[in-house]
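**Student:** I need the structure of the sequence given here:
(3 chains)
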Amino acid sequence: MQYDVVIGLEVHAELNTKTKCFCSCKNQYGQSPNSNCCPVCVGLPGALPVLNGEAVKKTIKAGLAMGFEINKTAIFERKNYFYPDLPKAYQISQLEKPICINGSLRIFDKDIPINRIHLEEDAGKLIHQGNISMIDYNRGGVPLIELVTDALKEPHIESADEAIEFLTKLRQIYIYAGVAECELEKGQMRADVNISLKPKGSAEYGVKVEMKNIMGFKSVYRAINYEINRQKEILDDGGTILQETRKWDDEKGESFTLRTKENSEDYRYFPDPDLIAIHISDEDIEEIKKSLSPLPDQLKQIYTSNYGLSEYDADVILADKKISDFYNQCVALYPQPKTIANWITTEILARIKNNEDIAISGENLIWIIKTVDEKKLQRNNAKELLSIIWGTDLDAQTEAKSRGLLSDLDQSVILGILDNVLKEKAEVVEQYKREKDPKILNFLVGQVMKASLGKANAQEIMQILREKLN
Amino acid sequence: MEIIKLSALEIREKILSGELSSEEVTTAFIDQINKNQKYNAVLEVFDDAILQAKTMDEKIKNGFKGKLAGVPIIIKDNILYEGKICSCGSEFLKDYVAQYNATVIDKLLQAGAVIIARANMDEFAMGSSTENSAFGITHNPLDFDRVPGGSSGGSSAAVALDMCPIALGTETGGSVRQPASYCGIYGLKPSYGRISRYGVVAFASSLDQVGIFSKNVYDNALMLEVLAGEDKNDMTCAKVAVDDYTNGDWSCKKIKVGLPKEILNLAKGLPCEENLKNFVKWLKSKEIEIVDISLPNIDIALPVYYIIAPAEATSNLARFDGVKYTSRAKNAKNLDEIYKMSRSEGFGKEVKRRIMLGNYVLSSGYYDAYYKKAKRIQGELIKQFNRAFESCDIIIMPTTLAEAYKIGSKSDNPVDTYKEDIFTVTANIVGIPSLSIPFGKGEHGMPLGVQLMARKFNEKTIYNLAKFLEEERGE
Amino acid sequence: MDIKEIEHLAQLSKLEFSPEEMESFSKEFEHLVEFADIVKNADLQGEQNIQTIDLGKLRDDEIGKSTPTEILLKDSPLVKQDCIVVPRIME
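**Tutor:** Modelled structure (predicted):
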């Protein structure tokens, strides 16, 4: 039988604020256990949450980046349940009045409807060891935004490919908007997926199965395909799908039941009386809108239409915000976007290993590109220069000069060198005149270059030789 | 001169003038505590109290003139004082040592107060008799067989027994005013948001406030001056300027006092009816204008309270789970047993009852009908009070139905006990300040109280009238 | 009120009761629910009073002091390697 697949996503991303959501402890990954904590983080008696304004602003920013409406009054609720990583036995979250509502994200020419983005606090981390579990509350209270797609509205996310495209684009938007780092291996972006199947064309939705907290896009991809197949098989056999939450085991490549609908939690949400509702004015929204930097889709438009880059090059540059930032900076210094794109997609990307930083300043790179364009620096020398100053504080111009890499010899000197070479290699010259073999001409150019210690311009020498010998 | 009878103001003046030392004063009050242990008002005298007093004497010699310089204070056992046990009257927290100071503690210490002891209370402030403490019943200073009221019964009894001039309690639905009334002293519940709640163990966050017990109006106002004001650690603490409460206009001829007709109906046939009428008569005799006002739905404040308070309490008390800091059940073998056994062993009956009730009104399918509806009615009650305050400055009502009752005389149907709170919960639900002043006697000669309520953040108007009345009575 | 519902509430509350306690609780709960029903059945509508704070007045994103780990965990019943310990949780 043929089925329509309907996929809903709930995506959590940790905001990159300096401090936690409800206290002024550091929001920092990888610290020693329970060292970034205070009475609020551990839920000590008497401790009270104090909301971080920046967390709210970043949530608004994320929403504005995807055309969300912003609620003028945002309310925080308590989501009550017992779990050791949740020190107060409730999570401060948002239910009825989230900060952002009704947005969308475009993938493969479909605008996927998104229900909401709300702000909440992350839970602590559990470390399982033998027969004990150990609790580290450092992550507890880190601001977390949760985005929920609206799977009841069309168009739907219909395949694992589309889901991954959605996640990839969303990640890019968060990073470009500057609200989150989204480093997947640090768990800074995590997805819950729900999947239902219905007979092709049917208006009625099928039973939803949810898969929680899948780490990494590859796992999401595999988990979705696994679940689609699992449901297909059950339906093909005439079975019914159980409404449940499943856990994806990436090692085994399969999922298993975590809890069924009957055991679903009653979270007893109610407005957190320790917090006051947030009033967000039109002026607030305008101000945040103004501070929003261009997003990947807008930049791509500029790169391809205005700058004339190929789609491929534009994508390569946009894949990493720091590359695109660097590119934009360079273009601002020297308005030759295509040339710069060539340098960055080849020489620069080749030198960045393991997601390291770009170890050259825009000023230095532009000086090199410009000097090559002015024919005062040979491309080979330029590469050498790039390697010399990469990862150092050295100045390109100073180094080029002191290392004699510039093509700055007088025309008369170069002509003198050329004449010498023609004299010394008289036999070869004769041979060329007879055979007109371009290889011989190249050999002669090489000899001149060698004698000029690489400072001559090979193309110019070629030109002069041709004129002289033909 | 008997030190323990002195007011806070007098103590400060005598210490600053060198007539007394903080050490002498503190010693005298601690002696008084030790002599009256049978009342079980105090759970612990802090072993560094005398040392604190000596340090204060040094500071005063060097020119320190804090508003409470050298004045001994007792705090309720649910206010965190760094390094001291804070048990909330509960077995669950009997060994819990506070890691940090509540904002009110910092303010007390900055003002030069010497914090000498922590007082008994109903477990987690749930109750109105101090019979619900895990550490024994507190007795009424005026009649050993009667309750002192609650939940801040220990603090109230301590002031009435001259163990300190001023004590701190906490209020959620009358826990300061009711015991003040039963013990014959002054008890203030400030406006919601007037005093920081940071470091005060929460019962119902939207209703909780620290309250003040004193033997006279001035001391009460003085303490509020010290404690009031915004706090960066408490978002619900108001950014509203603090009045100069001790520097009032004590002549109150222009104050209009509102008498709600619905209150007279609720009081009908009860000892408090006669007392309220006497109070009105007396006010009139002092040429204070009485206006009739109406609070049409005031009777529903009580059930509204018994929905909102348990709902918030359920969530606030969930953090006590045996995992992080409370005592963990010894026989628990897995996580769920840690939760269930620790909580079942740790909490007393009344606390369990309210946790269950709170979960009932919040649980799926009931939330809208109970909690949400209660919050909407709360909004309506606030409007009704605002309307009433258009025609008067102070609203009066009794504090309690009758005088303090006998220990153990109430316990079978919890709702009957809850109904005792009918006059006090309103101020918490509406968020306005209310001071219980001693006025009149019950049929067994125990004290009664009357509440003076004002618009939100208008504590000063209350103190003005209370001070005037205090002087008129020649106290 | 039937025992099943009381059991459900006990589960939500993470509390255990003996059968006798259950019995007396269910009786008490009749009274409590009856009392709460006054609100449920009240012919009174109102609007919830919502206090707000302006976005600009919220806390600035500036790092403050955290509590040293040994102080933070001093009241904890079981600690190992600076972590609070519970029996192994089956996910």
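**Student:** beta partners for B:D292?
**Tutor:** B:L259 (DSSP bridges).
**Student:** Report the residue spans of chain C with pLDDT below the cut-off.
**Tutor:** Scanning chain C for pLDDT under 70 picks out C:91.
**Student:** Quick check, central residue of it?
**Tutor:** Centroid-nearest residue in chain C: C:S13, 7.4 Å away (criterion: C-alpha atoms, centre = their mean).
**Student:** Tell me the residue of chain C that sits nearest chain B?
**Tutor:** Proximity to chain B, evaluated over chain C using C-beta to the nearest C-beta, is greatest for C:G46 at 2.9 Å. Just so you know, the C-beta spots here come from the backbone N, C-alpha and C atoms, and that holds for glycine as well.
**Student:** Chain neighbours aside, what residue packs nearest to that residue?
**Tutor:** B:E380 (2.9 Å; C-beta to C-beta, 6 or more residues apart in numbering or on different chains).
**Student:** then the longest helix belonging to chain C to PDB, C-alphas only?
**Tutor:** When chain C is scanned for its longest helix (criterion: DSSP state H), the result is helix C:19-41. In PDB, the C-alpha atoms belonging to helix C:19-41 read as follows (Å, rounded to 0.1, in the frame of the first residue of the first chain):
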ATOM      1  CA  PRO C  19      -4.800   1.300  53.200                       C
ATOM      2  CA  GLU C  20      -6.200   2.900  56.400                       C
ATOM      3  CA  GLU C  21      -4.700   6.300  55.500                       C
ATOM      4  CA  MET C  22      -6.100   5.900  52.000                       C
ATOM      5  CA  GLU C  23      -9.500   5.200  53.500                       C
ATOM      6  CA  SER C  24      -9.500   8.300  55.800                       C
ATOM      7  CA  PHE C  25      -8.000  10.400  53.000                       C
ATOM      8  CA  SER C  26     -10.800   9.600  50.600                       C
ATOM      9  CA  LYS C  27     -13.300  10.700  53.200                       C
ATOM     10  CA  GLU C  28     -11.500  13.900  53.900                       C
ATOM     11  CA  PHE C  29     -11.200  14.500  50.200                       C
ATOM     12  CA  GLU C  30     -15.000  14.500  49.800                       C
ATOM     13  CA  HIS C  31     -15.000  17.600  52.000                       C
ATOM     14  CA  LEU C  32     -12.100  19.200  50.400                       C
ATOM     15  CA  VAL C  33     -13.500  18.800  46.900                       C
ATOM     16  CA  GLU C  34     -16.900  20.000  48.000                       C
ATOM     17  CA  PHE C  35     -15.200  23.100  49.200                       C
ATOM     18  CA  ALA C  36     -13.200  23.600  46.000                       C
ATOM     19  CA  ASP C  37     -16.400  23.100  44.000                       C
ATOM     20  CA  ILE C  38     -17.700  26.400  45.400                       C
ATOM     21  CA  VAL C  39     -15.200  28.000  43.000                       C
ATOM     22  CA  LYS C  40     -16.000  25.600  40.200                       C
ATOM     23  CA  ASN C  41     -19.700  26.300  40.500                       C
END
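**Student:** Tell me the buried residues in it?
**Tutor:** C:E21, C:F25, C:S26, C:E28, C:F29, C:H31, C:L32, C:V33, C:F35, C:A36, C:V39, C:K40 (16 or more other C-beta atoms under 10 Å in any protein chain shown).
**Student:** And the third one, how far from A:K186?
**Tutor:** In this structure, C:S26 lies at 50 Å from A:K186, with C-beta to C-beta, to the nearest Å as the measure.
**Student:** Ok, the fifth one next?
**Tutor:** Computed as C-beta to C-beta, the C:F29 to A:K186 distance reads 48 Å.
**Student:** Likewise for the fourth one?
**Tutor:** C:E28 is 50 Å from A:K186, where distance means C-beta to C-beta.
**Student:** thinking again about what came up before, could you export the buried residues of helix C:19-41 as a markdown table, including distance to chain B?
**Tutor:** Shown next, in a markdown table, are those (distance: C-beta to the nearest C-beta, whole Å):
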| residue | distance to chain B |
| --- | --- |
| C:E21 | 9 |
| C:F25 | 7 |
| C:S26 | 10 |
| C:E28 | 6 |
| C:F29 | 7 |
| C:H31 | 5 |
| C:L32 | 5 |
| C:V33 | 7 |
| C:F35 | 5 |
| C:A36 | 6 |
| C:V39 | 5 |
| C:K40 | 5 |
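**Student:** Just give me the closest of the residues you listed to B:G184.
**Tutor:** The nearest member of those to B:G184, counting by C-beta to C-beta, is C:F35 at 30.7 Å.
**Student:** Could you verify my assumption that the closest one touches B:Y306?
**Tutor:** Yes. Here C:F35 lies in contact with B:Y306, judged by C-beta atoms under 8 Å, at a distance of 6.2 Å.
**Student:** what do the two both touch?
**Tutor:** B:Y418 (C-beta atoms under 8 Å, 6 or more residues apart in numbering or on different chains).
**Student:** what's near enough to touch the residue most central in space within chain A?
**Tutor:** Residue closest to the average C-alpha location in chain A (C-alpha atoms, centre = their mean): A:Q172, at 4.3 Å. Residues in contact with A:Q172 (C-beta under 8 Å, 6+ apart) are A:L295, A:P296, A:L318, A:K321.
**Student:** Going by secondary structure, it is in what exactly?
**Tutor:** Secondary structure from DSSP states H and E places A:Q172 in helix A:160-177.
**Student:** Would you mark the buried spots in that helix?
**Tutor:** Across helix A:160-177, burial judged by 16+ other C-beta under 10 Å covers A:160, A:162-167, A:169-177.
**Student:** and what of stretch B:161-174?
**Tutor:** B:161-174.
**Student:** Mind checking which of these land in helices?
**Tutor:** Going by DSSP H, the helices hold none of the buried residues of stretch B:161-174.
**Student:** Off-centre distance for stretch B:336-350?
**Tutor:** 27 Å (C-alpha atoms, centre = their mean, to the nearest Å).
**Student:** which residues of the stretch 301-450 of chain B fall in helices?
**Tutor:** Under the criterion DSSP state H, counting those that start in this stretch, the stretch 301-450 of chain B contains helices at B:301-316, B:335-346, B:349-362, B:373-388, B:414-418, B:425-430.
**Student:** orientation of the longest helix of chain C relative to helix B:373-388 in degrees?
**Tutor:** 50 degrees (axes from the mean of the first three to the mean of the last three C-alpha atoms, to 10 degrees).
**Student:** quick one: is the longest strand that chain C contains near chain A?
**Tutor:** Identified as the longest strand of chain C according to DSSP state E is strand C:83-87. Yes. Applying C-beta under 8 Å from any C-beta of the partner chain, one finds strand C:83-87 touching chain A at C:C83, C:I84, C:V85, C:V86, C:P87.
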